[in-house]
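> I would like to see how this sequence folds:
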Amino acid sequence: MEVPVHWRKAIDKVNQAKISLVIGETDSGKSTLVSFLHNKLGGSIIDSDIGQGDIGPPTTIALSTDGEEMLDGYFVGSITPSRHFCEMLIGTKRMVERASTPIFIDTTGMVHGSAARALKTGKIESIEPDLLILLGDGELDYYYTYKRVGIDVIGLPKSKNAKKRSRAERRKARKKAFQEYFADSEQRRIDLERLGLERTIVGSGENISEEISELVDVKVYRAERLGDTILLISDRSRIRPTTYKNVKRRMGVEKFNILKASDFENLLVGLVGRKNDFLGIGIMEDLDFDSFQATIFLPRNTVKRVASIQLGSIRVDRYGEELGLISLC
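Modelled structure (predicted):
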C-alpha cells in the first residue's frame, strides 16, 4: 500500500489514541488511511461511509476487526446522511461500544456547510474520540477548536493517489456492492403483523381505511390513525387542499400524511433479530396492504431469525439498481 510519507510519520501520534476519527471530503483517501493505520496498529475499523463503504453493504455502518469481514453493523437506510443524522450518530456510537481498541473510524465525505459540521460535531460529542485526523484544510480547520477541550487534532495531506470518482462511478460501485451482498438470497412472503415494523407508523395505528375512503376521492390502500396523526397510503402523494382540510376537521386530527403505495415497492429494509441485533439488509419488493404481507428478498442465513424490519429511505431492485430516494412517515 503506497501512502504519503506524512501519514507514516503520524503513526506515533495515532498509536497513543484509543479512538481516532478521520474527517475529509469525498475521494481524499480516508479509507486508505484507515486501512493503513489498522494494518499497522491492529484494533477495529468502523466504516460509517454509508454511500461508499468498503466493508458493509451501502446504507450501513459496519464494524470489522480484519478490515474485510463485517462483524456487526447498523442500518442507516440511505446512501446519504441527509435526514438521517440520528441513525448516523446512534449507529456509530453503537459500533464504538462493541469495538476493540484502537478504533479507527471512517466517515462520509459530507464536510461542507453547517449541516456537515452539525453531523461531525454530533459524532465527536457522542463518541468522544481521543484524536481527530483531518485530511485537507479549508472548512476542516473548524475542528482544530477541539484541541481546547483535550482532543488531539492533526492535519494530514490528502492522498495524491486517491481516485476521483464521478457520481455515475460511485453509483456503479454501489450496484456491484448490492449484487455481491444479495448473491445468496431468496424471496420470502412475510406476515408483517407478526413482526415489528420500525421507522414508520404504518402498522402501529388503528385501521380506518373504510372511514377515510368515504372522505377522499383517491384510491385508499390503507389508512391508519395514531394519536393526532392520520396516515393515508394511496396511489397519489397529494389530494385537493379542500379535501385535506375536511379530513382533518372531520377526524379531529392535527396531522394528515399521505404516502404513495409505490414507495413500498423495492424498498431497502434493515433486518433486526430478537435481541435487537443487526442481521443484515433486505429488499421489500412489494407490500399487500389488505393482508399486510410483504414479499422480501433477503439473505438465506437471516430468514428464520428476523424479528423486526426497519424501513429505509431508498428503493433498490434485487440487481442493485437504485430506483430513487424517498421519505416515509
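> low-confidence ranges in the stretch 1-150 of the chain?
1-2 (pLDDT under 70).
> can you give me the helices in it?
Using DSSP state H, counting those that start in this stretch, the helices of the stretch 1-150 of the chain run over 5-9, 11-14, 30-41, 85-98, 114-127.
> Which residues belonging to the second one are considered buried?
By 16 or more other C-beta atoms under 10 Å, the buried positions in helix 11-14 come out as residue 14. From N, CA and C alone the C-beta is placed, and that goes for glycine too.
> which strands and helices sit next to that helix?
helix 30-41, strand 131-135 (3 or more C-beta pairs under 8 Å, 6 or more residues apart in numbering; DSSP states H and E).
> strands paired with the lengthiest strand in the chain, and their directions?
The strand that spans the most residues within the chain, counting by DSSP state E, is strand 278-288. Paired neighbours of strand 278-288 in the sheet (DSSP bridges): strand 267-272 (antiparallel), strand 293-299 (antiparallel).
> Show the average pLDDT along the longest one.
I take that to be strand 293-299. Averaging pLDDT along strand 293-299 yields 98.
> For residue 173, report the pLDDT, please.
Here, the pLDDT recorded for residue 173 equals 96.
> From residue 87, how far out is the residue lying closest to it once chain neighbours are set aside?
Leaving out its chain neighbours, the residue that sits closest to residue 173 by C-beta to C-beta, 6 or more residues apart in numbering is residue 52, at 6.7 Å. Residue 52 sits at a distance of 17 Å from residue 87 (criterion: C-beta to C-beta, to the nearest Å).
> Would you quantify the distance from the residue most central in space within the chain to residue 180?
Of all residues in the chain, the one closest to the mean position by C-alpha atoms, centre = their mean is residue 76, 2.0 Å from it. Computed as C-beta to C-beta, the residue 76 to residue 180 distance reads 19 Å.
> again with residue 323
19 Å.
> again with residue 304
In terms of C-beta to C-beta, residue 304 sits 23 Å off from residue 180.
> These two: which is more packed in?
Per other C-beta atoms under 10 Å, whichever of residue 304 and residue 180 has more neighbours is residue 180, with 11 against 7.
> Check the offset of the helix or strand hosting that one from the chain's centre.
Using DSSP states H and E, residue 180 falls within helix 167-181. Distance of helix 167-181 from its chain centroid, counting by C-alpha atoms, centre = their mean, to the nearest Å, is 16 Å.
> Same question for stretch 283-300.
On C-alpha atoms, centre = their mean, the centre of stretch 283-300 falls 20 Å from that of its chain.
> Name the residues of that stretch that come out as buried.
Buried residues in stretch 283-300, counted by 16+ other C-beta under 10 Å: 283-285, 287, 289, 292-294, 296-299.
> do the same with stretch 149-157
Those would be 151-156, for stretch 149-157 by 16+ other C-beta under 10 Å.
> Start and end of it, how far apart?
The first and last residues of stretch 149-157 sit 24 Å apart, counting by C-alpha to C-alpha, to the nearest Å.
> Residues contacting that stretch, please?
Stretch 149-157 is contacted by residues 4, 6-7, 10, 13, 16-17, 33, 124, 129-137, 140, 143-144, 146-147 when judged by C-beta atoms under 8 Å, 6 or more residues apart in numbering.
> Report the buried members of the residues you listed.
The buried subset of these (16+ other C-beta under 10 Å) comprises 4, 7, 10, 17, 33, 124, 129-136, 140, 143, 146.
> before we move on, the earlier item: neighbour count: residue 52 and residue 87, which is higher?
residue 87 (23 against 20).
> Quickly note the distance from the spatially closest residue to the more buried one that is not a sequence neighbour to residue 58.
The shortest distance from residue 87 to any non-neighbouring residue, by C-beta to C-beta, 6+ apart, is to residue 76 (4.4 Å). For residue 76, the distance to residue 58 (C-beta to C-beta) stands at 9 Å.
> Which neighbours do these two have in common?
Common neighbours of residue 76 and residue 58 (C-beta under 8 Å, 6+ apart) are residue 50.
> okay, stretch 228-236 in PDB with CA atoms only?
The C-alpha coordinates for stretch 228-236 follow below in PDB (Å, rounded to 0.1, in the frame of the first residue of the first chain):
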ATOM      1  CA  ASP A 228     -53.400  13.100  16.400                       C
ATOM      2  CA  THR A 229     -52.000  11.800  13.100                       C
ATOM      3  CA  ILE A 230     -53.700  10.100  10.100                       C
ATOM      4  CA  LEU A 231     -51.500   8.300   7.600                       C
ATOM      5  CA  LEU A 232     -53.100   7.500   4.200                       C
ATOM      6  CA  ILE A 233     -51.400   5.200   1.700                       C
ATOM      7  CA  SER A 234     -52.800   5.900  -1.800                       C
ATOM      8  CA  ASP A 235     -52.000   6.000  -5.500                       C
ATOM      9  CA  ARG A 236     -51.100   9.600  -5.200                       C
END
